[in-house]
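> Any chance you can model this:
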Amino acid sequence: MDIVVEHLTKRYGPQKAVDNVSFRVKAGEVLGFLGPNGAGKTTTMKAISCYIKPEEGDILVGGYSIHEHPEMIKKNIGYLPENNPLYQEMNIIDFLEFIAKIHSVPKYLIPERILDMVRTCGLEGEKHKLIGELSKGYQQRVGLAQALIHDPEILILDEPTTGLDPNQIVEIRELIKRIGKEKTVILSSHILAEVEATCDRILIINNGRIVVDGTAEELRKQAAGNEILKVGIQGGEVKDIFDLLFQIETIESVDFIDVDKNLFEIQSKPDSSSVKSIFDTCVKNDLYISELTPTETKLEDIFRELTLH
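Sure thing, here's the model as predicted:
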């Protein structure tokens, strides 16, 4: 089921939390919604889930508009809010039965759906416990189970690993990846590694606007521009090697990283690679390469550059 967001704008008082945002999520895609706190992620997700109405724009979920058919959309969406509101005094089975009834799951299907969710979300050993007795990690699993109990085609997860320890984070990410093979998923986070580990595509939002849209690899390529290499070359004087490198046609610039170790940083010209030329030059001049490493632009650097202004 596709999601199409068109010119979405939502204000809180004089402030635009979301400012003319447009994007599309294809059926079966896992989309990472990335941005600093207060960027507009949660507001956008609440609008898609029909929990709030925008002042401007529209959202189509499977062709249904949030303005005209919110009830149809809600049937097809499972939503896990950031604060994961659960009834602490209920046990897991009773809670999931209650949520299934709210979603109008047919009575005869409810026991089967509960068993399926307990198995899918790894709750077998805890299913008879009160929710208030569970660890934060298991409470997140219950939150995922309640979002999935009515078998929605779309799953919206707002900061699903907030407050979890490292082991719990890994477990929840693996669970999301498994679920993502069968459903359309939008996952918001301010943790880069999480989005990269679980998502097919990344949207970065800042100050209510989308500033970038693409895969992690595309973002790196886009930010990296020219090829940058860290190269160690031995067998000659550092100045002579520097001069030889500078004569290579595909090389834009050469800089020293460590003169004593003959380590250089080389930037190639746009749309060029200098690896073969460096190798050929070394062979021709009886030099040898001790190190040749592409310098990859980190996703953290891209994120910082895009969201710090």
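
> what about the strands in the stretch 201-309 of the chain?
For the stretch 201-309 of the chain, the strands defined by DSSP state E, counting those that start in this stretch cover 201-206, 209-214, 228-234, 251-258, 263-268, 288-294.

> elements contacting the first one?
Counting by 3 or more CB pairs under 8 Å, 6 or more residues apart in numbering; DSSP states H and E, the packing neighbours recorded for strand 201-206 are strand 30-34, strand 209-214, helix 299-307. Bear in mind the C-beta positions are built from the backbone N, C-alpha and C, glycine included.

> now what about the second one, what contacts it?
So the one you mean is strand 209-214. By CB atoms under 8 Å, 6 or more residues apart in numbering, the surrounding residues in contact with strand 209-214 are 19-23, 40, 201-205, 219, 222, 302, 306-307.

> before we move on, the earlier item: point out the most buried one among the helices and strands packed on strand 201-206.
strand 30-34 (a mean of 25; mean count of other CB atoms under 10 Å).

> Skip ahead from that one and say which helix or strand is next.
Using DSSP states H and E, the helix or strand that directly follows strand 30-34 along the chain is helix 41-48.

> what angle do that following helix and strand 209-214 make?
Counting by axes from the mean of the first three to the mean of the last three CA atoms, to 10 degrees, helix 41-48 points 90 degrees away from the direction of strand 209-214.

> the inter-axis angle of helix 41-48 versus strand 201-206?
Relative orientation of helix 41-48 and strand 201-206, computed by the same axes, to 10 degrees: 120 degrees.

> coming back round to it: of all the helices and strands packed on strand 201-206, which one comes closest to Ile131?
Proximity to Ile131, assessed across the helices and strands packed on strand 201-206 by CB to CB, is greatest for strand 30-34 (27.0 Å).

> pLDDT averaged over the closest one - what is it?
Averaging pLDDT along strand 30-34 yields 91.

> cool, stretch 281-300 as well?
So the average pLDDT for stretch 281-300 ends up being 84.

> Stretch 62-74 now?
Stretch 62-74 comes out at a mean pLDDT of 94.

> and the end-to-end length of it?
Using CA to CA, to the nearest Å, one end of stretch 62-74 lies 11 Å from the other.

> circling back to that earlier point, could I have the buried ones of the contacts of strand 209-214 as ChimeraX selection syntax?
Burial among the contacts of strand 209-214 is assessed by 16 or more other CB atoms under 10 Å; the matching ChimeraX selection reads:
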select :19,21,23,40,201,202,203,204,205,219,302,306,307
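
> okay, the strands of the stretch 201-309 of the chain, which one's buried deepest?
For those, the largest average neighbour count (mean count of other CB under 10 Å) is found in strand 201-206, namely a mean of 22.

> what about it, distance to the chain center?
Offset of strand 201-206 from its chain centre (CA atoms, centre = their mean, to the nearest Å): 8 Å.

> Tell me the strands beside it, with direction?
Within its sheet, strand 201-206 is paired with strand 30-34 (parallel), strand 209-214 (antiparallel), according to DSSP bridges.

> Between those, which one is closest to Asp58.
Among these, if distance is taken as CB to CB, the winner is strand 209-214, at 16.4 Å.

> Output that closest one in CSV with nothing but the alpha carbons.
Only the C-alpha atoms of strand 209-214 are listed here, as CSV (Å, rounded to 0.1, in the frame of the first residue of the first chain):
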residue,chain,number,x,y,z
ARG,A,209,11.3,20.5,5.7
ILE,A,210,12.8,17.6,3.9
VAL,A,211,16.5,18.3,3.2
VAL,A,212,17.5,15.0,1.6
ASP,A,213,15.9,11.9,0.2
GLY,A,214,17.9,8.7,-0.9
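
> pLDDT averaged over that strand, what's the number?
Mean predicted lDDT for strand 209-214 stands at 87.
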